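In: What shape does this take:
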Amino acid sequence: MYARSRTTLAVLAALGALTLTACETGNTVVDKPKSSAADEDEGSAKGSSKEKKKENAPDIAEVGDTLTLRGMENGSQLDVTVVKVADPAKSADQFMEPDAGKRWVGVQFKLVNTGEAAYSDSPSNGAQVADSEGQQFDTTFGDITAGPTMASSVKLKPGAQGLGWVVFEVPEAAKLATVQFTMDSGFADQTGEWKLA
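Out: From the prediction side, this is the model:
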């Protein structure tokens with residue numbers, strides 16, 4: 001009976017390890033920006049020294065870069081650009097302010113539907129910022145003076161684009177390091193990440 005219990009425990013431990021491994025597969029962070037035609041022209045004009053330099057240095061997305069992300073639905077794909085960051089962001093409404101000890105940060109996203117399926121989602125549900133200590137912060141409701149807020153429900157046919165600000169509330173002393181965006185209200189397998197600092 002003791003040997004049977006040990007065998008059962010060993011089988012359960014192996015199944016648990018397989019389950020943990022399976023949970024981690026399929027979730028990827030995309031942080032390599034899409035190359036533009038201008039970058040490629042510049043690279044060919046300057047020759048192979050620039051190509052070698054580009055191969056040696058990791059290419060991590062920053063403000064202004066575009067990442068291509070896939071959604072859960074077949075043919076669902078966006079080119080997502082972090083256009084600008086307003087830190088701190090000023091409220092456009094005199095009656096809405098960040099809580100005491102907090103500040104607002106605005107991130108302007110540009111979404112271009114490069115897939116074959118229509119895109120319909122609430123983009124702010126899939127956005128987060130993180131500070132240098134790894135603490136993550138979700139979006140908040142608020143209009144800022146930097147520009148129009150991203151619509152709460154965005155619908156884009158293939159080839160269409162959307163643009164707007166997403167607002168986050170973070171501690172006053174937080175040093176933001178990254179911003180992330182995931183399609184399907186944060187449930188898609190691919191998460192885009194841009195370096196802020």
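
In: Could you count how many residues lie near Ser153?
Out: 9 (other Cβ atoms under 10 Å). To be clear about C-beta, it is placed using only N, CA and C from the backbone, and glycine gets the same treatment.

In: dump the residue contacts of the nearest residue to it once chain neighbours are set aside.
Out: Distance criterion Cβ to Cβ, 6 or more residues apart in numbering; nearest residue to Ser153, sequence neighbours excluded, is Ser122 at 5.7 Å. Ser122 sits next to 152-154, 185 when contact means Cβ atoms under 8 Å, 6 or more residues apart in numbering.

In: List buried residues within those residues.
Out: Val154 (16 or more other Cβ atoms under 10 Å).

In: Break this structure down into its structural domains.
Out: Domain assignment of the chain by automatic domain parsing yields the ranges 32-60, 62-197.

In: for the shortest one, how far is the first residue from the last?
Out: Think domain 32-60. Using Cα to Cα, to the nearest Å, the end-to-end distance of domain 32-60 comes to 5 Å.

In: go on, stretch 127-135?
Out: 14 Å.

In: now swap in stretch 87-99 and tell me
Out: First-to-last residue span, stretch 87-99, Cα to Cα: 16 Å.

In: Can you tell me what sits against that stretch?
Out: 103-106, 141-146, 165, 167, 169, 176.

In: same question, stretch 177-189
Out: 26-29, 67, 69-73, 76, 78, 80, 82, 85, 107, 109, 119, 121-123, 125-132, 190-197.

In: on that earlier part again, quick check, nearest of the contacts of Ser122 to Val63?
Out: Checking these against Val63 with Cβ to Cβ, the nearest one is Val154 at 20.8 Å.

In: Identify the residues contacting that closest one.
Out: 111, 119-123, 162.

In: of the contacts of stretch 177-189, buried ones?
Out: Using 16+ other Cβ under 10 Å, the buried members of these are 67, 69-71, 73, 76, 78, 80, 82, 85, 107, 109, 119, 121, 123, 125-131, 190-194, 196.

In: now the strands: where do they sit in the protein?
Out: 28-30, 66-70, 77-86, 102-113, 119-121, 127-131, 136-137, 154-156, 161-171, 176-182, 190-195 (DSSP state E).

In: So which other helices or strands are in contact with the first one?
Out: Of the remaining helices and strands, those touching strand 28-30 by 3 or more Cβ pairs under 8 Å, 6 or more residues apart in numbering; DSSP states H and E are strand 66-70, strand 190-195.

In: Just send those back as a markdown table, with mean pLDDT too.
Out: Converted to a markdown table, those look like this (pLDDT from 0 to 100):
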| stretch | mean pLDDT |
| --- | --- |
| strand 66-70 | 97 |
| strand 190-195 | 97 |
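
In: Looking at these, spot the one closest to Lys34.
Out: Closest among those, using Cβ to Cβ: strand 66-70, at 4.6 Å.

In: angle of the closest one against strand 102-113?
Out: 70 degrees (axes from the mean of the first three to the mean of the last three Cα atoms, to 10 degrees).
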